[in-house]
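> Here you go, sequence then predicted model.
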Amino acid sequence: MIAIYLSLIDSETDKIKFQEIYENYKKQMWYVANDILNDAYLAEDAVHDAFIGIAKNFSKIRSFEPYSIKSYVLTSARRAALMYVRKEKGYETIDISEFFNLKDYSSTNKMNEIETIDFATAIINSLPPKYSETMYLHFVLDLSAKEIAAQLDRNINTVRQQISRGRRMFIDIISRGEETSDKQ
């Protein structure tokens, strides 16, 4: 399988770096995708799609520091899995509570936190893909605009604008929801 990915990369040094990344992160990427999809075969497909995307854009990677690479490849796997969710199941809510540290709260507070996370995630998933992706990375994974720009290969000003517009869309959706619940 790795031969397919390596065929998409021109430089021999990049091929070596890619092979290291593949060996170090393929299992973690599969776990991330499987957590979202709950299907081992679809998770493998999502990881394959993620590696194809990484290989195609490998020359654009600016930093090969372990934290940056790990974040980039796991985000790629997550994005690929989310695309499968959108294709296969529509825009379902994805349980992201495992991304948050809920150990310090009582069980009631944990449930409230999870409900809030699910609610916010559902709204983020309902946004157009370019905004939902940016909002997810910024508000859920707590990445800066600069980190998002590097990972998505976008201009930092574009990312900032997408965060701003996404935030306004998010607030509009919540406001409309409050209006409809007040009328009932």
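Looks like it came in fine.
> And residue 154, which helix or strand is it part of?
Remark: residue 154 resides in no helix or strand, with elements defined by DSSP states H and E.
> Model confidence at it, what's the number?
At residue 154, the pLDDT value in this model is 88.
> hang on, isn't it packed against residue 146?
No - the pair residue 154 / residue 146 is not scored as a contact, 10.8 Å apart, by Cβ atoms under 8 Å. C-beta: built from backbone N, CA, C; applies to glycine.
> Neighbour count for the two, which is higher?
Each of residue 154 and residue 146 has its neighbours counted (other Cβ atoms under 10 Å); residue 154 has more, 17 against 11.
> Relative to residue 75, how far out is the spatially closest residue to that one that is not a sequence neighbour?
Excluding the flanking residues, the one nearest residue 154 by Cβ to Cβ, 6 or more residues apart in numbering is residue 148, at 7.5 Å. As judged by Cβ to Cβ, to the nearest Å, residue 148 and residue 75 stand 9 Å apart.
> shared neighbours of these two, which are they?
Shared contacts of residue 148 and residue 75, defined by Cβ atoms under 8 Å, 6 or more residues apart in numbering, are found at residue 137.
> ok so, going back, mind listing what the residue nearest to residue 154 touches?
134, 137-138, 154, 159, 163.
> Most widely separated two among these?
138 and 154 (12.4 Å; Cβ to Cβ).
> lowest-confidence helix or strand of the chain?
helix 107-126 (a mean of 65; mean pLDDT, DSSP states H and E).
> List the contacts of residue 60.
So residue 60 contacts residue 153 (Cβ under 8 Å, 6+ apart).
> For residue 156, which residues are in contact?
145-146, 149.
> Please convert these to JSON lines, extending it with distance to residue 68, pLDDT and secondary structure.
Formatted as JSON lines, the contacts of residue 156 follow (distance: Cβ to Cβ, whole Å; pLDDT from 0 to 100; DSSP: H, G, I helix; E, B strand; the rest coil):
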{"residue": "145", "distance to residue 68": "15", "pLDDT": "89", "secondary structure": "helix"}
{"residue": "146", "distance to residue 68": "11", "pLDDT": "90", "secondary structure": "helix"}
{"residue": "149", "distance to residue 68": "13", "pLDDT": "87", "secondary structure": "helix"}
